[in-house]
Structures are given as C-alpha cells and as structure tokens.
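Q: Mind folding the following:
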Amino acid sequence: MALSVALGLFTIFVANVAFGAILGAAFLGDVSEMLVLFAASIAFVASILRREAAAKVNYDN
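A: Predicted coordinates:
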C-alpha cells in the first residue's frame, strides 16, 4: 500500500518536472513540489521499514 502511494506521488513529481521542462509551466509551485517529494520519500521509507520488519519476523521463526 505505502509503496504504491510512494509511486503515485513520485509520478506526480516527475510529471510536474517534465511539464516544467517541456512546456515551461509546471502545475505545482516550489513548495508544493517539495511537499509531494517529501511525502513520496516518507511513504517509500515506511514501505521499506514494513518489509524489513516482516522479513525479520519470518527469519526469526
């Protein structure tokens, strides 16, 4: 779940950068862009930590 959220947010970030580079007008401002990238990073880290915890539980059993 968190990994798909991270992918979706990162896709929005990449689309914003691509539109800004190609068309010269991004649809997100600087602060919005930073918040989207920050949220994508947090979701990615949460996903990785959940998978690591699940792998540790499976390894211990």
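
Q: what helices or strands is the lowest-mean-pLDDT helix or strand in the chain leaning on?
A: Across the helices and strands of the chain, mean pLDDT, DSSP states H and E gives its lowest value to helix 30-60, namely a mean of 93. Applying 3 or more Cβ pairs under 8 Å, 6 or more residues apart in numbering; DSSP states H and E, one finds that helix 30-60 contacts helix 2-23. Where you see a C-beta, it was placed from the backbone N, CA and C, and this is true even at glycine.

Q: Return the distance of the residue nearest the centre of the chain relative to M34.
A: Centroid-nearest residue in the chain, with Cα atoms, centre = their mean: A40, separated by 2.2 Å. In this structure, A40 and M34 are 11 Å apart, going by Cβ to Cβ, to the nearest Å.

Q: Next: A46.
A: 19 Å.

Q: Please report the number of neighbouring residues for F13.
A: 20 (other Cβ atoms under 10 Å).

Q: how about stretch 33-53: buried residues?
A: The neighbour-count check on stretch 33-53 (16 or more other Cβ atoms under 10 Å) flags E33, V36, L37, A39, A40, A43, F44, S47 as buried.

Q: what's in contact with it?
A: 1-3, 5-6, 9-10, 12-13, 16-17, 26, 28 (Cβ atoms under 8 Å, 6 or more residues apart in numbering).
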